[in-house]
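> How does the following fold in three dimensions:
(chains A and B)
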Amino acid sequence: MAPVLDIRGLAKSFTLHNQGGVTLPVLAAVDLTVGAGECVALHGRSGTGKSTLLRTLYGNYRVQSGELWVRHGATRIDLAQARPRQIIELRRSTIGYVSQFLRVIPRVAALDIVAEPMRARGVAVEAARARAAALLTRLNVPERLWHLAPATFSGGEQQRINIARGFAVAYPILLLDEPTASLDGDNRAAVIGLIDEVLARGTAIVGIFHDGEVRDRVASRLYDMTEAKAAA
Amino acid sequence: MSALPLLDDEPPLLVVDGLTVAYGTRVGCRDVSFELWPGEVLGIVGESGSGKTSLLNALSAKIEPTAGRIHYRLRDGTMADLFGLSEAARRQLLRTDWGVVHQNPRDGLRLTVSAGANVGERLMAIGARHYGEIRGAALDWLGKVEIDRDRIDDRPSSFSGGMQQRLQIARNLVTNPRLVFMDEPTGGLDVSVQARLLDLIRGLVADLGLSAIIVTHDLAVARLLAHRLMVMRGGEVVESGLTDQVLDDPQHPYTQLLVSSILQV
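Numbers count the residues shown, from 1 in each chain, chains lettered A, B, ... in the order given. Take a look at the predicted model:
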């Protein structure tokens, strides 16, 4: 079966035009294939480009060179060549991303933030909210917070809302940027439970897990970023 | 295996090709081309004098471009050359299929008639005659834009700036337009009023499946509302792409300068 994600010779650098035109090479020669139900942990110290790679896989950063094939339904598409509309469609249906920090929108309640990806796929309001409520319950977000905008929530609460949002839809590909960074033991276990479930369902995960215990528990293999960095 | 195109079955709503607006020797905008699809929100960002408003004025048929073409897909599916249409047909389009939300609500409202009449007037322009139905639609829209229903008979001159802006939006959306142009819709409003308005616009655009072109100099507004961005400088588009890509991984020196100039709160 064709891989869900197939990265070939991916390179990425940043040119800072307003700071003397300095070019910062971050990734070079990244080759990685990920199959359904696999969890690949990006491994390497900070500054080796782990988050940059995740953001590139989500289309948030532009691919500079190389190919980035994503299986999308019965077809596949090279993110390096994809047009904005195609990337939006990929994000709606194929690729989920749990960033480290929640982007808060004024006046939008936690429950609706979690329900939003389901609403974008046409799920009715009540059904989307019910699923959102179940996820928030599972992640121990107290019900009294559900109807508030999360601007004033703690880091751990915001992170759990972000995680609930990322797991609200059964994406074939899920990108996780330190999903357990500011969580205590119980909540970490809840996140591990969610990860196990989607892997069993065939979701492919690429993630950054600084927490060694979580990494050992969920990762099928490690991808060493040091080489990609050394080549850059 | 090659990449199959996604979503290419659906034709664009608006196709802009080589659009230039010149005022004598001075250029408003130069050689702008893009396509807009149904349900898509395009943000046009740039500083004052970058050509954003010239472009918007030409797109919304307020001024005739010096060069270039604009094609618009009519409800019957045919692609019409905007400036090949008769003046009357263009006016009809503006009254029914399009909405224009001005930065200053006073430019888009009639301050001497009631809030209800401001909303109802657009309906009457397309042939609505039944008083009860028009008033019902007006009440319904006041509710959608969060204006108390008992303000329906008040004149908008007695409204706050935020309320006036919401009323202007109701006036535009009551005819179920397919394309809405917005020029700095949150400009000149207090931040807390802005947040409410942005949330409202975001919800309405998503619920109604509207296409919109929003001109703003505020990158936070662009991030919240737009799927795609065009960055303008000196009348030209210097960069365009997916909104978060343009803002998080800007390529052009000017976009990098714009993004890096935002103060963090």
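> Bridge partners for residue B:69, pull those for me.
In this entry, residue B:69 is beta-bridged to residue B:17, by DSSP bridges.
> The longest helix anywhere in chain A: how far from the chain's middle?
Longest among the helix segments of chain A by residue count, using DSSP state H, is helix A:185-200. Centre-to-centre, helix A:185-200 and its host chain are 15 Å apart (C-alpha atoms, centre = their mean, to the nearest Å).
> Only the buried residues of that helix, if you could.
Neighbour-count burial for helix A:185-200, counted by 16 or more other C-beta atoms under 10 Å in any protein chain shown, picks out A:187-188, A:190-192, A:194-195, A:198-199. (Each C-beta comes from the backbone N, C-alpha and C, glycine too.)
> got JSON lines for the residues you listed, with pLDDT and distance to chain B too?
Below are those laid out as JSON lines (pLDDT from 0 to 100; distance: C-beta to the nearest C-beta, whole Å):
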{"residue": "A:187", "pLDDT": "94", "distance to chain B": "28"}
{"residue": "A:188", "pLDDT": "94", "distance to chain B": "28"}
{"residue": "A:190", "pLDDT": "96", "distance to chain B": "28"}
{"residue": "A:191", "pLDDT": "96", "distance to chain B": "25"}
{"residue": "A:192", "pLDDT": "96", "distance to chain B": "29"}
{"residue": "A:194", "pLDDT": "97", "distance to chain B": "25"}
{"residue": "A:195", "pLDDT": "97", "distance to chain B": "25"}
{"residue": "A:198", "pLDDT": "97", "distance to chain B": "24"}
{"residue": "A:199", "pLDDT": "97", "distance to chain B": "25"}
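> In those residues, find the pair that's most separated.
A:187 and A:199 (18.8 Å; C-beta to C-beta).
> okay, how far is it across stretch B:143-150, tip to tip?
10 Å (C-alpha to C-alpha, to the nearest Å).
> what does chain A have sitting close to chain B?
Proximity of chain A to chain B (C-beta under 8 Å from any C-beta of the partner chain) is limited to residues A:2, A:14-18, A:55, A:59-62, A:69, A:72, A:75-78, A:81, A:84-90, A:105-108.
> Run through the neighbouring helices and strands of the helix or strand residue B:213 falls within.
Secondary structure from DSSP states H and E places residue B:213 in strand B:211-216. Counting contacts by 3 or more C-beta pairs under 8 Å, 6 or more residues apart in numbering or on different chains; DSSP states H and E, strand B:211-216 packs against strand B:41-45, helix B:52-59, strand B:179-183, helix B:219-225.
> could the ones you listed go into a markdown table alongside mean pLDDT and distance to chain A?
Shown next, in a markdown table, are the helices and strands packed on strand B:211-216 (pLDDT from 0 to 100; distance: least, C-beta to the nearest C-beta, whole Å):
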| stretch | mean pLDDT | distance to chain A |
| --- | --- | --- |
| strand B:41-45 | 96 | 10 |
| helix B:52-59 | 93 | 19 |
| strand B:179-183 | 95 | 17 |
| helix B:219-225 | 92 | 7 |
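> any idea which of the ones you listed is most buried?
Highest mean neighbour count among the helices and strands packed on strand B:211-216 (mean count of other C-beta atoms under 10 Å in any protein chain shown): strand B:41-45, with a mean of 27.
> ok, that one: who's next to it in the sheet?
For strand B:41-45, pairing defined by DSSP bridges yields strand B:211-216 (parallel), strand B:228-233 (parallel).
> So which of these is nearest residue A:164?
Among the strands paired with strand B:41-45, the nearest to residue A:164 by C-beta to C-beta is strand B:228-233 (27.8 Å).
> and the closest one, how far out from the chain's middle?
Using C-alpha atoms, centre = their mean, the offset of strand B:228-233 from its chain centre is 15 Å.
> before we move on, back to that, any residues touching the longest helix of chain A, and which ones?
Residues outside helix A:185-200 that contact it (C-beta atoms under 8 Å, 6 or more residues apart in numbering or on different chains): A:37-39, A:138-140, A:156, A:160, A:163, A:167, A:170, A:174, A:176, A:179-180, A:183, A:205, A:211, A:214, A:217-218.
> Do a quick rundown of the helices in the chain.
All of this refers to chain A. A:50-57, A:84-93, A:110-120, A:125-138, A:155-166, A:185-200, A:212-218, A:225-231.
> actually it's chain B I care about, not the one you picked
Under DSSP H, chain B gives helices at B:52-59, B:87-96, B:105-108, B:115-125, B:131-144, B:161-173, B:191-208, B:219-225, B:243-248, B:253-260.
> worst average pLDDT in these?
Ranked by mean pLDDT, those end with helix B:191-208 at the bottom, a mean of 84.
> Nearest residue to the middle of chain B?
residue B:181 (1.9 Å; C-alpha atoms, centre = their mean).
> Tell me who's in contact with residue B:14.
Going by C-beta under 8 Å, 6+ apart, residue B:14 touches B:35-36, B:59, B:70-73, B:179, B:211.
> Out of these, which end up buried?
The buried subset of these - by 16+ other C-beta under 10 Å - is B:36, B:59, B:70-73, B:179, B:211.
> so what's residue B:166 closest to, chain neighbours aside?
Nearest residue to residue B:166, sequence neighbours excluded (C-beta to C-beta, 6 or more residues apart in numbering or on different chains): residue B:145, at 4.0 Å.
> Am I right that the one you found is in contact with residue B:170?
Yes - with contact defined as C-beta atoms under 8 Å, residue B:145 counts as touching residue B:170 (4.5 Å).
> Comparing the two, which residue is more hemmed in?
In this view residue B:145 and residue B:170 are compared by other C-beta atoms under 10 Å in any protein chain shown, and residue B:170 has more residues nearby, 23 against 20.
> Roughly how far does the more buried one sit from residue B:56?
21 Å (C-beta to C-beta, to the nearest Å).
> again with residue A:82
From residue A:82 over to residue B:56 the distance is 28 Å, taken as C-beta to C-beta.
> sorry, back to before: show me the beta-bridge partners of the residue nearest to the centre of chain B.
As assigned using DSSP bridges, the partners bridged with residue B:181 are residue B:100, residue B:213.
> Having no further points to raise, I will conclude here.
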